[in-house]
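S.K.: structure, please.
(2 chains)
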Amino acid sequence: MATQTSTIPAGGLAGARDSAEKNYLNESKGILSWLTTLDHKRIGVMYLICILGAFFLGGMSAVLLRTEHLSGTPNLMEADAYNKLFTLHGAVMIFLFIIPGIPAALGNFVLPIMLGAKDVAFPRLNLCSWYLWVIGAVCALLSLLLGGFDTGWTFYTPYSTSSPFQGVIPIVTGAFILGFSSIFTGLNFIVTIHKLRAPGMGWFKMPLFLWGLYSTALIQVLATPVLGITLLLLIVERALGVGIFDPALGGDPVLFQHFFWFYSHPAVYIMIVPAMGVISELISVFSRKHIFSYQFIAYSSIAIAAFGFIVWGHHMFTSGQSELMNTIFSLLTFSVAIPSAIKVFNWTATMYKGSIVFKTPQLYALSFLFLFGIGGLTGLFLATLSTDIHLHDTYFVVAHFHYVMFGGTVIAFLGALHYWWPKMFGKMYNENWGRVACLLIFIGFNMTFFTQFAMGSQGMPRRYFNYTEGYTTYHVVSTIGSYIMAVGFFVIAGYLYYSLIRGRKAPDNPWGGASLEWQTSSPPPVENFKKDPIVGDPYDFSNLKYDPAIGGYVRVDAQGVAS
Amino acid sequence: MSEAILGEHRVGELHDPHLAHHFDSSTQQFSAAKLGMWIFLGTEILLFSGLFCLYAVFRGNHPEVFHYAHQFLDKNWGALNTLVLILSSFTMALAVRSAQTNHRRELILFLGLTLLLAVDFLGIKAIEYTHKFRENLVWGKRFLEDPHPGLVGAGAVQAVKSDERQVSENARPSQAAPALAPGNKDRGRDLFRVTCAACHGLAGQGMPGLGKDMRGSSFIEGLDDAGLLAFIKKGRQPNDPLNTTGKPMPPKGGNPAYTDQDLMDIIAQVRVVAKPKGGGSAKVAAKPSEAAPPVPEEPPFEIHKSFLQPAAEGPVGLAVTPAAGHRADVPDPRHDPNRPANAQTFFSIYFLLTGLHGIHVLIGMMVISWLLFRALRDEFGPSYFTPVDLGGLYWHLVDVIWIFLFPLLYLIK
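M.R.: Modelled structure (predicted):
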């Protein structure tokens, strides 16, 4: 394949000629060269490996939980073990997987390249965030060894300060450290976007993924410190009994909920906003059409980040908040629907009259639209005070946030992984297997969680170990769905792994993307670009032509000649 | 690269060893570093703002707790610490300036001074903390679970011993009262201070609305030690016909843990304070013949001479610090019937805020030491002073946070 790329006419693809030789993957060898690397691409890959490990742990615990629910009587485990397992599932998925997922793993890899920069602004800090992630993950594992914890991932007081399991302090410490990892990543991204854009790349010439990452980074930097202090207070509360949250000592447990959600609600947007950025890229590239109303999508990311800060009270509608507060928070919550809807409509409008290519990443993007639509709209049921009283703490809530977090973020993550996989590793995966896996996950997901809407609205409470007869069918269908999803994930793992060993060599621009990462070789060289990239409109695909000889797109001039 | 030359970073532009490969110019690198630092400072402020928010919520909901408990903080130490920190910020600013103007010796001097002031700050904080711990003015659970309320410091150790003694007393089959040794005045002074002084004042002068003036009391004089012991064990409630003030005298001064021997020790001290001082204005002067051998003119409480002038005499003086630091003008919160519920939350918040701030001071000291180390190796100059600049910013932040802490905790009523 290397010979093939080198037959391209001179200047055909920026940096293409060297692609088979030196790149960031083979520049230096040995585990130590990875552990001490300052290269954002390698750090991104290390993040990717780690978060996929966390995803595996969280996913397996979910499958166990679903298996337990095959019947309403104890099957696999005791109630205590069940409580610990769902707590583990939540904490691992949120703190170790979803929050760092798109920004730290994929964002780290793509962001500087998309900007036309050589690296993020603070490479050392970047490596430091990764190590903090690892330390945080070790703390989480430590807490399992010390007896686990059964508080739910929200660590509500006073239960978390009095729960008999000793794993609480380690996991909370872990989450605190992970918070710093997240802050440092966000800080790095903000500064990089401000200071390291390539000449000619104005704010509105940036790919929308970067707007997503920028908004995410803003939330990370503004909200995570509050989580930090909250968790710190929780630690001293449990260890020393400072009595800030413990009513027995004159503290206020609802205050903990306020503190916690002041971070954790914006954190929901830390999870979803980068996913939205991904979707903006995928939809436009695979519809071969300019993104519809760029500025609205860009600003709506910022708007979501801003609104995200003023809605946290909707987690406490039934916690004894005053009615006035409830009403205000309910109204504000509705407001988040506006920028979200702006995005969805713009994506749809982008596809309108485009020539849609059903490659795997695009299938994920379409799944996203469907699933996120359901997730978002059911959110309105929960934002409405009267219906929330009924639906609160039922499986309806579980289904809602899985539709947003899984159907939104994880699906977008998968789309992004498939989209940038050739760029990251220089290998193509098997497209057909990719489509099959996407279908399996789509079907499995809906089976798992749509049933949960139904049982939730009929009153099945979340986090319950057992249930009564009436819910059996729902639970069984839901569990079968989760198995189908699990199969889908193993298929993905299989063909991605295979692609690394046997995969066809990826061309520089397999999808015809116009953002800068497609102008460099796959995988990119250490310094990202051999030749300065040409900065242009990231959604103008008119001068990209498919070249069957290399299986990818090349840049052509107005006459259709490779330039 | 030459077109990127801007401002004052001209020197070494082309072969600047500090220029990282991914930056085009040191100007760009410097401004990126600065932006990063400002964002980081923002997150630090947000970290603290969680605690400030906590403060606001508790203060809004329980103003009486703050009103009551803030008086136990020593304004003078707090003010001194504020001065120390402001001064250190000033020396830090001078250090940055010296780095920019290539004055290496001054840079080292000012960094050293800043470090020294930081140590001062922590030292003063340590004094305050020690005092708080001795008086058990600590956070929630610890405050409430004080195993020997009213006994602190050295007294606490003795109290534990005396408890053991009581256990062995109770173990004895016969209930025959053990022979009580005459009170130990030194120990009694400590116990009196922590238990009785809240209402009766350190010198037995009586706190308005709380306890009675003991000086020259004929009631006390008219009773022998056994009688006084019986009285103190029983107390005198307002509904008692003998009550003179309408205020309660709690049994054993409010501390049921006291043994008879403890009370005997206290009585020895009561005898000291009940003596009319100098016989001057006392209404009931003790008859000379019955007076105890003349007490040498020593104050009933040891006065710790401060290294600073007393408040009345010096500009930034400290008030007289009684033994172990308990101040005569404030009640002992543990036995104060007027103590509002949950007064301990104030101390929780005090320790949280000052503790977190203290940790930041420590981090700042590490940063400054590292800068000092690099300055000694002559690494900074007009072309490269980013670390000093950023370290300075961090130190100023630590300073600014204290400037908010000081009035919020020590001054606001």
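S.K.: switch to C-alpha atoms for all contacts and neighbour counts from now on
M.R.: Fine.
S.K.: spatially central residue for chain B, please.
M.R.: For chain B, B:Glu128 is the residue whose C-alpha lies nearest the centre (C-alpha atoms, centre = their mean; 3.2 Å).
S.K.: for that residue, what is the enclosing helix or strand?
M.R.: Assessed by DSSP states H and E, B:Glu128 sits inside helix B:104-134.
S.K.: what sits closest to the closest residue to chain B within the stretch 401-550 of chain A if chain neighbours are left out?
M.R.: Nearest to chain B, among the residues of the stretch 401-550 of chain A, is A:Glu527, at 8.3 Å (C-alpha to the nearest C-alpha). Nearest residue to A:Glu527, sequence neighbours excluded (C-alpha to C-alpha, 6 or more residues apart in numbering or on different chains): A:Lys118, at 5.4 Å.
S.K.: what about that neighbour, which SS state?
M.R.: At A:Lys118 the chain is in coil, as set by DSSP: H, G, I helix; E, B strand; the rest coil.
S.K.: OK, contacts around it?
M.R.: When contacts are counted by C-alpha atoms under 8 Å, 6 or more residues apart in numbering or on different chains, A:Lys118 touches A:Pro112, A:Glu527, A:Asn528, A:Phe529, B:His21, B:His22.
S.K.: tell me how many other residues crowd A:Leu439.
M.R.: A:Leu439: 18 surrounding residues under other C-alpha atoms under 10 Å in any protein chain shown.
S.K.: count of residues packed around the closest residue to A:Val436 other than its chain neighbours?
M.R.: Nearest residue to A:Val436, sequence neighbours excluded (C-alpha to C-alpha, 6+ apart): A:Gly488, at 7.9 Å. A:Gly488 has 23 neighbouring residues, counting by other C-alpha under 10 Å.
S.K.: ditto for A:Asp557
M.R.: 12.
S.K.: which parts of chain B are helices?
M.R.: For chain B, the helices defined by DSSP state H cover B:26-61, B:63-69, B:75-100, B:104-134, B:140-144, B:153-171, B:185-191, B:197-200, B:218-221, B:225-234, B:260-274, B:344-376, B:386-406.
S.K.: residue in the stretch 51-200 of chain A nearest to chain B?
M.R.: Using C-alpha to the nearest C-alpha, the closest approach of the stretch 51-200 of chain A to chain B is made by A:Lys118 at 5.1 Å.
S.K.: run through the residues of the stretch 251-400 of chain A sitting next to chain B.
M.R.: A:Gly251, A:Phe259 (C-alpha under 8 Å from any C-alpha of the partner chain).
S.K.: show me where the stretch 251-400 of chain A has helices.
M.R.: With DSSP state H, counting those that start in this stretch, the ranges of helices along the stretch 251-400 of chain A come out as A:253-286, A:294-307, A:323-351, A:360-383, A:385-391, A:395-404.
S.K.: which stretches of the chain have low pLDDT?
M.R.: All of this is about chain A. Confidence mapping of chain A against pLDDT under 70 gives the ranges A:1-21, A:560-563.
S.K.: oops, wrong one, chain B.
M.R.: Using pLDDT under 70, chain B drops low at B:1-16, B:146-179, B:276-335.
S.K.: so what are the domain limits for it?
M.R.: Per the record, chain B has its domains at B:31-143+B:342-410, B:152-300, by automatic domain parsing.
S.K.: which of those is buried the deepest?
M.R.: Stretch with highest mean neighbour count among those: domain B:31-143+B:342-410 (a mean of 19; mean count of other C-alpha atoms under 10 Å in any protein chain shown).
S.K.: ok, and what's touching stretch A:256-270?
M.R.: Contact with stretch A:256-270 is made by A:99, A:154, A:156-157, A:216-217, A:219-220, A:223-224, A:226-227, A:230, A:245, A:304-305, A:308-309, A:311-313, A:315-316, B:50, as judged by C-alpha under 8 Å, 6+ apart.
S.K.: just stretch A:466-475 next, same as before
M.R.: With contacts defined as C-alpha under 8 Å, 6+ apart, stretch A:466-475 is touched by A:Arg66, A:His69, A:Leu70, A:Ser71, A:Gly72, A:Thr73, A:Pro74, A:Thr451, A:Gln452, A:Ala454, A:Met455, A:Met460.
S.K.: stretch B:388-395 now?
M.R.: With contact meaning C-alpha under 8 Å, 6+ apart, stretch B:388-395 is reached by B:34, B:37, B:41, B:89, B:92-93, B:95-96, B:99, B:361, B:364, B:367-368, B:371.
S.K.: what does stretch B:345-353 give?
M.R.: Counting by C-alpha under 8 Å, 6+ apart, A:242-244, A:250-251, B:48, B:51, B:54-55, B:65-66, B:69-70, B:137-140, B:405, B:409 sit against stretch B:345-353.
S.K.: and stretch A:313-323, by the same measure?
M.R.: Residues outside stretch A:313-323 that contact it (C-alpha under 8 Å, 6+ apart): A:254, A:257-258, A:261, A:325-326, A:329-330, A:333, A:383, A:385, A:388-389, A:392.
S.K.: hang on, A:Met46 in a helix?
M.R.: Yes - counting by three-state DSSP, A:Met46 is part of a helix.
S.K.: may I have the residues that are in contact with it?
M.R.: By C-alpha under 8 Å, 6+ apart, A:Met46 lies in contact with A:Ala105, A:Trp130.
S.K.: can you tell me how far it is from B:Gln100?
M.R.: Distance of A:Met46 to B:Gln100, given as C-alpha to C-alpha, to the nearest Å: 40 Å.
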